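K.L.:
Sequence plus predicted model, see below.
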Amino acid sequence: MDHDSHKCREEKTEWAGDDQEKDREGDFHAAPGSCHGRGKGLCHGQPQGKSERFTQPTLLLCLAEKSSYGYELLESLSQFPYAVNPDPGAVYRHLRRLEAQGYVESRWETGESGPAKRVYRITPEGREFLNLWVEEIKIRRFALDVFLQRFETL
């Protein structure tokens, strides 16, 4: 994305430079804490993480718990605090990618009533990949704990 001139998601401001922002009235002001602080990870004064990065391991975790179809997976994802309103299109793209990588398998299942549903299940390779994710998450949790401990000493 070109950061030199783009609209905020909420169309409140336009990026004006490395450390300035232009409001709707055309006035410039400092950008710290704004949504356009180049790589600062902030939007409207709130830190923004890439929670979508946890979609794949969360899907694998849900499928390790039980095989499931898409809508049920969306409901399961929404139980995680970082995925309250998962985008169905993104979830299905992740499922297709996981299937292409051999981490998930799917099959069409017809029930007694209603249309056929695609049911997903984790593969042995998917369980191995989930284990790798768990190790990575443990490392990140440790790093976050160190950060929080140092912050609490301020």
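P.N.:
Alright, I've got the coordinates. Numbering: from 1, shown residues only.

K.L.:
use CA for all of it now, contacts and neighbours both
P.N.:
Fine.

K.L.:
residues near Leu154, how many?
P.N.:
5 (other C-alpha atoms under 10 Å).

K.L.:
Use 498 as the first number for this chain going forward.
P.N.:
All right, first residue 498 from here; so that's Leu651.

K.L.:
On the pLDDT front, check it for me.
P.N.:
Leu651 is assigned a pLDDT of 96 by the prediction.

K.L.:
again, but for Glu562
P.N.:
97.

K.L.:
next one: Arg550
P.N.:
As predicted, Arg550 sits at a pLDDT of 74.

K.L.:
That one falls within a helix, correct?
P.N.:
Yes: if the criterion is DSSP: H, G, I helix; E, B strand; the rest coil, then Arg550 is within a helix.

K.L.:
how many neighbours does it have?
P.N.:
Around Arg550 there are 9 residues (other C-alpha under 10 Å).

K.L.:
how much space is there between it and Arg604?
P.N.:
To Arg604, Arg550 is 26 Å away according to C-alpha to C-alpha, to the nearest Å.

K.L.:
cool, Phe648 as well?
P.N.:
Counting by C-alpha to C-alpha, the gap from Phe648 to Arg604 is 49 Å.

K.L.:
now do Thr552
P.N.:
Distance from Thr552 to Arg604, counting by C-alpha to C-alpha: 21 Å.

K.L.:
neighbour-wise, which of those two wins?
P.N.:
Legend: neighbour count by other C-alpha under 10 Å for Thr552 and Arg604, higher for Thr552 (19 against 12).

K.L.:
Val588 is in contact with Pro554, isn't it?
P.N.:
No: the pair formed by Val588 and Pro554 falls short of the contact definition of C-alpha atoms under 8 Å, at 11.6 Å.

K.L.:
who's in contact with the closest residue to Ala561 other than its chain neighbours?
P.N.:
Sequence neighbours aside, Ile619 is the residue nearest to Ala561 in space, at 6.0 Å (criterion: C-alpha to C-alpha, 6 or more residues apart in numbering). Counting by C-alpha atoms under 8 Å, 6 or more residues apart in numbering, Ile619 makes contact with 557, 560-561, 564, 600-602.

K.L.:
what about Glu569, how many neighbours?
P.N.:
So Glu569, with other C-alpha under 10 Å, has 13 neighbours.
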